[in-house]
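Visitor: Build me a model:
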Amino acid sequence: MYRLEEPIYFYFLAIIPIMVVVFLSVLWWKKRTQKRFSDIKLLEKIAPNTSIFKNTLKLIMLVLGISFLVISLVNPKMGSKLKTVKREGVDVVFALDVSKSMLAEDIAPNRLEKAKQIISKIIEKLGSDRVGVIIYAGNAYPLLPITTDHAAANMFLQNANPDMVSSQGTAINEALELAKTYYNNDEQTNRFLIIMSDGEDHQQETKQMAQNLSNDGVKIYTVGVGTEKGGPIPMRLNGEMIGYKKDRKGETVITKRQPEVLAEIADVANGRFIDGNFTEEPVKQLSEIIANAQKNEFETKQFSDYKDQFQWFLGIAILFLLLDVFLFDKKTMWVRKADLFNEEKSKK
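Guide: Alright, predicted model coming up:
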């Protein structure tokens, strides 16, 4: 197994064909100029040690030196080394409401994007805590299993949208049920579930589900996005606005935030309801709560890493460049005897 750390440096290899073209051009120019101002046989007598082979060999040394130097800049990483990693932190699971009502634009840019912004900023402030993401509407789905890879969490989060859930609605209890499977470490004493929603829950058993999770040691915090005044739900086709969602009577549906529902869920689970219409407030509160929570060693694992190999290629590059420097342009005794280009035979 190998990996290239900086493959962009391969572009420097473009200098090699340029060097070859320049070398051949200069060689052709020299030959042409010699024919114009001097007799070839006379020139061989005046400068008998001139060698095309030595010049070509110097070019090969230079090309090889540059090639290996470029490879060292690319820094191939080969093999692997094992490291033992111990982490301390808490488990934080985000349950993101992706129902159609979250597309309402009573909060700019809309409720869903506002919720994503809050989650993303909280993740940025996490230390070595584990994080997981659930999306839900009429059903709940695991968007990202619990992990220490915060970059992956942010990447998956940005792609969350209503089309990822087959049935519409706001079934918070589905998200609560799925969250149970995320907390798989019995030794973890601090577990957090953060629900991002407008609170339009249509299930009666949600409070009981929240109570059950609380009994298992999970603290539930709810963040409400949207206004009590509410707003219409925009309908789009291929990114173009085509109108607003209407009910069976043909009237525009107005979706409103239901903070009472979210507050009740948080109350029964030793948590807190937080207004999410202003990004900084929930980010600040939740980040402080998580940072001040007792950290537990929840993971001891081994992972492989690649070893740098650039030094070998750098050494070979230096060797070839030194050979190029110390090679003379003139013929040496062994080159004369070898007569690789039949130069000596042609003189006879």
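
Visitor: And the helices in the stretch 1-150 of the chain?
Guide: 15-37, 40-46, 52-74, 111-125, 150-158 (DSSP state H, counting those that start in this stretch).

Visitor: so which of the ones you listed gets nearest Pro259?
Guide: Nearest to Pro259, of all the helices of the stretch 1-150 of the chain, is helix 111-125, at 13.2 Å by CB to CB. Every residue, glycine included, has its C-beta placed from N, CA and C.

Visitor: Any figure for the gap between Met78 and Phe313?
Guide: Distance, Met78 to Phe313, by CB to CB, to the nearest Å: 11 Å.

Visitor: related to what we said a few turns ago, deepest of the helices of the stretch 1-150 of the chain, which one?
Guide: Neighbour counts (mean count of other CB atoms under 10 Å) averaged over each of these peak at helix 111-125, with a mean of 21.

Visitor: contact partners of that helix?
Guide: The contact list for helix 111-125 (CB atoms under 8 Å, 6 or more residues apart in numbering) reads 92, 94, 96-98, 101-105, 107-108, 131, 133, 150, 153-154, 157-158, 160-162, 194, 196-198, 223, 225-226, 276-277, 279, 282-283, 286-287, 290-291.

Visitor: could you check the angle helix 150-158 makes with it?
Guide: Orientation check (axes from the mean of the first three to the mean of the last three CA atoms, to 10 degrees): helix 111-125 against helix 150-158 gives 180 degrees.

Visitor: quick one: average pLDDT of helix 111-125?
Guide: In this model, helix 111-125 has a mean pLDDT of 96.

Visitor: What of stretch 327-338?
Guide: pLDDT averaged over stretch 327-338 gives 56.

Visitor: Tell me how many other residues surround Asp163.
Guide: Applying other CB atoms under 10 Å, we find 7 residues neighbouring Asp163.

Visitor: Quick check: it vs Ile135, distance?
Guide: Taken as CB to CB, the span from Asp163 to Ile135 is 11 Å.

Visitor: do the same with Leu314
Guide: As defined by CB to CB, Leu314 lies at a distance of 48 Å from Ile135.

Visitor: If you count surrounding residues, which of the two has more?
Guide: Ile135 (27 against 16).

Visitor: Next, Ala210: secondary structure please.
Guide: Classification of Ala210 by DSSP: H, G, I helix; E, B strand; the rest coil places it in helix.

Visitor: ok, it to Phe23 distance?
Guide: Plainly put, Ala210 is 77 Å away from Phe23 if you go by CB to CB.

Visitor: can you pull the contacts of Leu59?
Guide: Met19, Val20, Phe23.

Visitor: Repeat that for Asn190.
Guide: Each residue near Asn190 by CB under 8 Å, 6+ apart is listed here: Val90, Asp91, Lys219, Ala293, Gln294, Lys295, Asn296.

Visitor: same thing but at 7 Å, please
Guide: By CB atoms under 7 Å, 6 or more residues apart in numbering, the residues touching Asn190 are Val90, Ala293, Gln294, Asn296.

Visitor: Isn't the first one up against Ile290?
Guide: Yes. Taking CB atoms under 7 Å as the contact criterion, Val90 and Ile290 are neighbours in contact, 6.2 Å apart.

Visitor: Quick check: neighbours shared by those two?
Guide: By CB under 7 Å, 6+ apart, Val90 and Ile290 have these common neighbours: Asp129, Phe192.

Visitor: Between Met78 and Phe313, which is the more surrounded one?
Guide: Ranked by neighbour count (other CB under 10 Å), Met78 and Phe313 place Phe313 first, with 19 against 12.

Visitor: for stretch 257-273, which positions count as buried?
Guide: Neighbour counts over stretch 257-273 (16 or more other CB atoms under 10 Å) mark 257-259, 261-269, 271-273 as buried.

Visitor: Which residues does it contact?
Guide: In this structure, residues lying in contact with stretch 257-273 by CB under 7 Å, 6+ apart are 172, 195, 197-201, 206-207, 210-211, 213-214, 218-222, 224-228.

Visitor: before we move on, what about stretch 140-147?
Guide: Defining contact as CB under 7 Å, 6+ apart, one finds that stretch 140-147 is touched by 91, 93, 130-135, 152-153, 156, 160, 164-165, 174-175, 178, 182.

Visitor: Let me know the average pLDDT across that stretch.
Guide: 92.

Visitor: Okay, buried residues for it please.
Guide: So for stretch 140-147, counting by 16+ other CB under 10 Å, buried means Ala140, Tyr141, Leu143, Leu144, Ile146.

Visitor: Which residues does the nearest residue to the third one once chain neighbours are set aside form beta bridges with?
Guide: Of all residues not flanking Leu143 in the chain, Val133 sits nearest, at 4.3 Å (CB to CB, 6 or more residues apart in numbering). With beta bridges defined as DSSP bridges, Val133 has these partners: Phe94, Leu144.

Visitor: Count the residues that sit near Val133.
Guide: 25.

Visitor: Give me the helices and strands touching the helix or strand hosting Met235, please.
Guide: When elements are assigned from DSSP states H and E, Met235 belongs to strand 234-237. Helices and strands touching strand 234-237, by 3 or more CB pairs under 7 Å, 6 or more residues apart in numbering; DSSP states H and E, are strand 240-244.
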